[in-house]
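Undergrad: fold the following, please.
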Amino acid sequence: MKNREKMKKSANLISRLIMLSLVVMIAMGGATSCKSKKKLAREKAEAEYQAKVAQAKKDLTAMLNDETNWSLPEKQERLKTIKANNIDDQEVKDLIVKVEARLKDEERQVEEERLKRKEQEMTDQQRRKYSVIVYTLADIAKAKNYDDANRQIEGALNLYATPDVPVLIIISKKDGYYDYDRPTTISKFMNYLKDSKEFKYDIEMAKYNDDGKITELELIKK
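TA: Residues are numbered from 1 along each chain as shown. Sure thing, here's the model as predicted:
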């Protein structure tokens with residue numbers, strides 16, 4: 001009887017030890033698993049960071065060497081994104097400074113080109129607007145004879161408010177300063193063209209009234 005009780009107690013003790021061992025193993029396994037997950041997470045984060053650094057260097061270098069087909073706004077947006085990542089890498093920081101300087105220079109060039117195009121457009125518009133004046137005055141100078149020239153003058157005067165519209169002739173200009181010939185009127189100038197038979201001027205400026213008639217004309221000798 002006593003032997004049975006001893007055996008029973010031993011069996012219970014063994015069972016408890018086995019259970020305790022299982023609990024310890026499970027606990028250790030869970031801790032190990034948790035540590036592994038954290039390690040994997042750190043490794044993943046580090047890999048993602050290094051990939052971000054590498055991509056930033058690649059894009060910054062490409063922008064610096066003008067090796068992309070991105071527009072200026074696209075380059076500026078990419079630079080903004082890279083800066084927002086706050087990458088703690090000296091090479092990236094140095095590249096950012098260089099790319100910022102390059103994009104500012106590119107922005108200045110783009111603005112200069114825009115202003116040049118605008119100026120050219122205005123010049124072209126002005127040239128088209130003044131072409132009628134040039135043609136009518138040139139036709140007077142090229143007239144076959146006086147009668148033809150007088151007919152040309154009569155028609156050309158319709159462009160002007162009166163035959164006495166002032167005509168200013170620039171002989172030369174330098175550093176913003178203008179040297180003018182003696183003032184005259186459009187009627188006298190047309191008769192001068194009739195006699196000289198040559199028109200060697202460009203239109204510098206013309207003023208118009210509300211009816212679209214010329215009230216002042218400024219020419220410059222070629």
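
Undergrad: point out where the chain drops to low pLDDT.
TA: Where the chain drops to pLDDT under 70, the residues are 1-35.

Undergrad: cutoff 50 now
TA: 2 (pLDDT under 50).

Undergrad: let me know the helix or strand that the residue positioned nearest the centre of the chain is in.
TA: By Cα atoms, centre = their mean, the chain has its centre lying nearest to residue 110, at 4.6 Å. Using DSSP states H and E, residue 110 falls within helix 90-141.

Undergrad: before we move on, what about residue 70?
TA: Per DSSP H and E: nothing holds residue 70, as it lies in no helix or strand.

Undergrad: identify the residues contacting it.
TA: 63, 78 (Cβ atoms under 8 Å, 6 or more residues apart in numbering). (Glycine included, C-beta is placed from N, CA and C.)

Undergrad: mind checking how far it is from residue 166?
TA: 55 Å (Cβ to Cβ, to the nearest Å).

Undergrad: what does residue 124 give?
TA: The value you get for residue 124 to residue 166, if Cβ to Cβ is used, is 27 Å.

Undergrad: which one's more surrounded, these two?
TA: Ranked by neighbour count (other Cβ atoms under 10 Å), residue 124 and residue 166 place residue 166 first, with 14 against 10.

Undergrad: next, the contact list for that one, please.
TA: 183-186, 216-217.

Undergrad: do the same with residue 160
TA: By Cβ under 8 Å, 6+ apart, the neighbours of residue 160 are 186, 213-215, 217.

Undergrad: and if we set it to 6 Å?
TA: 186, 213-214 (Cβ atoms under 6 Å, 6 or more residues apart in numbering).

Undergrad: one more: residue 202?
TA: residue 220.

Undergrad: from residue 73, how far off is it?
TA: Using Cβ to Cβ, we find residue 202 at a distance of 39 Å from residue 73.

Undergrad: count the residues that sit near the nearest residue to the residue nearest to the centre of the chain once chain neighbours are set aside.
TA: Leaving aside its sequence neighbours, residue 110 sits nearest to residue 72 (Cβ to Cβ, 6 or more residues apart in numbering; 5.9 Å). By other Cβ under 10 Å, 12 other residues sit near residue 72.
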